[in-house]
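**Student:** only the shape, not the letters, is given here:
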Ligand code: ADP
Ligand code: ZN
Ligand code: ZN
């Protein structure tokens with residue numbers, strides 16, 4: 001092959017497992033984007049490398065259409081990580097790479113930093129007297145607004161000033177009175193820096209231990225009770241990493257990337273920070289990504305997908321609340337950002353800190369066997385003590401709209417003292433069941449094996465699984481009776497009950513419904529922080545990332561949800577959730593208390609919660625996992641299938657199993673029998689799953705590679721929607 005036409009392997013975003021060969025007359029570097037013909041379309045792919053020969057005959061090779069990058073936008077380290085991830089999760093590399101790129105780069109835009117476009121007055125514009133524009137009111141309004149806006153205004157802001165702002169700008173621009181500029185994407189704060197508090201001795205020794213090992217891959221599990229000052233430990237380590245001129249990547253769960261947290265970083269370091277989360281627009285996301293990648297942002301703070309952000313000079317990775325479920329992507333490329341982060345740290349030879357008050361059993365086991373160094377912060381900072389936990393035995397107490405009498409009494413006492421309370425209930429809406437009290441009929445979702453939730457304010461029955469919406473039936477379709485009533489409580493109902501019991505109290509509800517409007521959550525949190533709220537009632541949105549220093553009571557309304565759940569992780573999740581919510585209470589000088597309403601007060605999980613005994617719980621839970629051969633004592637992969645008819649998904653899985661058996665997974669890898677998913681029908685589709693289990697990771701992955709390769713080719717597999725979930729977080 002002449003130098004004029006070399007062959008390159010290119011990953012394109014398709015569900016196919018292999019890369020494609022293309023010809024190019026210009027030299028291409030791995031990690032650069034190219035536009036290529038694909039079928040009858042054109043696609044943007046990423047160059048993997050040059051190959052000497054193609055399996056395709058030369059006559060069938062097509063040439064790239066355009067080279068988009070002169071240098072790699074994905075450095076070899078990230079390209080290598082993505083290849084590993086595609087292998088490990090048995091997902092097509094083209095799609096994996098696609099996931100890792102900001103949308104603008106997927107679309108072929110240039111990787112450049114730019115802020116919003118803003119309009120400003122030119123010196124000529126500034127000397128114009130707006131009164132001379134009497135006959136052009138839109139131009140006059142725009143001109144006046146720009147006169148007082150020192151940093152300029154963007155199109156959106158100007159549109160609020162005049163409906164005809166676009167035309168007005170055009171006219172003003174033609175006269176040379178306004179010009180457009182790029183605003184700095186994220187300016188460094190120039191206010192006063194906040195110095196770190198004096199670290200306590202546990203924090204100091206944690207920092208010392210980590211800072212001593214900045215020289216290579218060293219994984220740390222930082223187990224610190226809520227309020228023990230883990231974030232301060234991260235900040236001190238990051239300070240050291242900054243001093244070495246290196247970058248820090250901090251991953252946080254989606255829900256905790258609040259302006260408060262970002263502010264805490266910004267006030268501590270006078271250095272650019274790139275923030276990456278799902279709330280950004282695409283230009284902001286691209287800018288943050290490029291600044292991280294070019295090393296211009298020494299600190300990168302982001303949620304799940306930020307784990308793939310290239311760093312010019314990586315120094316440390318922090319995964320805060322490492323147990324959190326939002327690190328696992330639940331569709332498409334189903335990766336765990338925590339696990340990918342550990343692999344990334346290992347490949348880039350940098351330390352990684354996994355922090356949590358309630359570490360996952362996987363990480364804990366790694367720490368116990370010495371794979372991770374375990375660092376403990378057993379106490380809260382300063383004089384703060386752990387809250388007292390009391391169980392309310394609901395077998396004896398009659399709740400009224402979900403609230404038992406002792407809980408209401410304590411709430412009243414807190415109101416009296418001017419202290420705040422949190423009530424936690426992991427169920428939004430008014431009531432989870434709309435039922436006929438004559439015959440027992442309950443309103444079902446037509447498309448799911450689930451009941452509809454009553455939303456009172458909206459006067460609708462909603463399905464929380466598929467989003468379907470129905471009118472609230474007033475007559476029972478089964479017996480024609482009219483005694484239809486809500487059964488059970490959701491946050492909306494509890495909010496109403498609180499208003500009834502405590503008419504003078506200021507109540508804030510925090511759940512997906514009450515915070516869907518942009519900025520609503522921030523506004524609610526602000527009111528809570530400024531003491532403009534007395535009682536917060538909410539779902540697990542309350543459990544993470546927010547500290548409420550004036551909260552002295554946490555009530556857990558239905559703790560038993562999940563106690564005997566179908567998933568092997570149910571009790572681990574429940575424990576983490578209650579411990580996290582409880583941890584919101586009683587910081588600093590105000591001791592907190594936690595009241596848990598339960599019908600199973602004798603369950604060992606609650607005894608451990610009362611003692612704040614994470615290790616006691618973990619001991620019990622790990623034993624259970626070992627006996628039942630579940631992770632972390634085994635490795636799982638779940639083949640899922642779904643179809644519009646009840647049998648097709650199961651039939652597919654049976655065929656997939658037949659395909660698996662000759663691969664003789666044998667003793668090391670068990671392929672169980674296909675079963676319907678715990679909630680079989682969802683959004684009109686029937687779902688089934690096939691579990692594969694192994695005590696060893698290597699044989700499991702060897703088997704999966706062969707199996708997936710065959711499935712990808714098998715004819716029967718083309719008719720069914722299927723996906724493989726490696727290390728599944730949920731079993732439904
Ligand atoms: P965590 O991340 O473990 O929940 P944080 O680092 O957020 O804990 O600390 C909890 C609170 O205690 C914060 O308000 C923080 O400013 C404060 N804090 C942390 N460490 C110290 C310390 N050594 N001295 C005084 N206050 C501290
Ligand atoms: Zn009925
Ligand atoms: Zn539904």
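**Tutor:** The structure has been received and is ready for your questions. Note that the structure is predicted; figures quoted are calculated from it, not measured. Ligands and ions are numbered 1, 2, ... in the order given.

**Student:** mean confidence for the helix or strand harbouring residue 575?
**Tutor:** Using DSSP states H and E, residue 575 maps to helix 570-582. Mean per-residue pLDDT for helix 570-582: 90.

**Student:** give the next helix or strand downstream of that helix.
**Tutor:** Following helix 570-582 toward the C-terminus (DSSP H and E): strand 593-598.

**Student:** state the next helix or strand along the chain beyond the one helix or strand residue 239 maps to.
**Tutor:** Secondary structure from DSSP H and E places residue 239 in helix 230-243. Going down the chain from helix 230-243, the next helix or strand is strand 247-251, by DSSP H and E.

**Student:** is the next helix or strand after that next one anywhere near ligand 1?
**Tutor:** Sequence-wise, the next helix or strand downstream of strand 247-251 (DSSP H and E) is helix 259-268. No - judged by C-beta under 6 Å from any ligand atom, helix 259-268 makes no contact with ligand 1; its nearest approach is 8.0 Å. For every residue, glycine as well, the C-beta is placed using N, CA and C.

**Student:** for the helix holding residue 239, buried residues please.
**Tutor:** In terms of neighbour count (16 or more other C-beta atoms under 10 Å), helix 230-243 has its buried residues at 230-238, 240-242.

**Student:** and what of stretch 596-605?
**Tutor:** Quick answer for stretch 596-605 (16+ other C-beta under 10 Å): 596-598, 601, 603, 605.

**Student:** over to stretch 298-318?
**Tutor:** 298-311, 314-318.

**Student:** give me the secondary structure label for the nearest residue to residue 171 once chain neighbours are set aside.
**Tutor:** Nearest-residue entry for residue 171: residue 139, 5.7 Å, with adjacent residues in sequence omitted and distances by C-beta to C-beta, 6 or more residues apart in numbering. Using DSSP: H, G, I helix; E, B strand; the rest coil, the structure places residue 139 in helix.

**Student:** kindly report the same for residue 724.
**Tutor:** Secondary structure assignment for residue 724 (three-state DSSP): strand.

**Student:** model confidence score at it, please.
**Tutor:** 96.

**Student:** quick one: neighbours of residue 336, just the number.
**Tutor:** Neighbour count of residue 336, defined by other C-beta atoms under 10 Å: 24.

**Student:** residue contacts, the closest residue to it other than its chain neighbours?
**Tutor:** Excluding the flanking residues, the one nearest residue 336 by C-beta to C-beta, 6+ apart is residue 328, at 4.9 Å. With contact taken as C-beta atoms under 8 Å, 6 or more residues apart in numbering, residue 328 is in contact with 334-337, 729.

**Student:** starting at the chain centroid, how far to the helix holding residue 575?
**Tutor:** 18 Å (C-alpha atoms, centre = their mean, to the nearest Å).

**Student:** leaving out the residues flanking it, which one is nearest to residue 362?
**Tutor:** That would be residue 632: by C-beta to C-beta, 6+ apart, it lies 4.5 Å from residue 362.

**Student:** so the one you found makes contact with residue 368?
**Tutor:** No - Residue 632 is beyond contact range of residue 368, at 9.8 Å (criterion: C-beta atoms under 8 Å).

**Student:** just to revisit the earlier point, export the contacts of residue 328 to JSON lines and tack on pLDDT?
**Tutor:** Compiled in JSON lines, those are given as follows (pLDDT from 0 to 100):
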{"residue": "334", "pLDDT": "96"}
{"residue": "335", "pLDDT": "98"}
{"residue": "336", "pLDDT": "98"}
{"residue": "337", "pLDDT": "98"}
{"residue": "729", "pLDDT": "92"}
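
**Student:** narrow the residues you listed to those in helices?
**Tutor:** Using DSSP state H, the subset of the contacts of residue 328 located in helices is residue 337.

**Student:** from the contacts of residue 328, pick the one nearest ligand 1.
**Tutor:** Nearest to ligand 1 among those is residue 337, at 18.9 Å by C-beta to the nearest ligand atom.

**Student:** if I read this right, the closest one contacts residue 302, doesn't it?
**Tutor:** No - the criterion here is C-beta under 8 Å, and residue 337 misses it with residue 302 at 9.4 Å.

**Student:** give me the common contacts of those two.
**Tutor:** By C-beta under 8 Å, 6+ apart, the residues touching both residue 337 and residue 302 are residue 251.

**Student:** apart from its chain neighbours, what residue comes closest to the closest residue to ligand 2 within the stretch 501-650 of the chain?
**Tutor:** At 26.0 Å from ligand 2, residue 558 is the closest residue in the stretch 501-650 of the chain, using C-beta to the ion. Distances taken as C-beta to C-beta, 6+ apart put residue 425 closest to residue 558, at 6.2 Å, once the chain neighbours are dropped.

**Student:** pLDDT score assigned to the one you found?
**Tutor:** 94.
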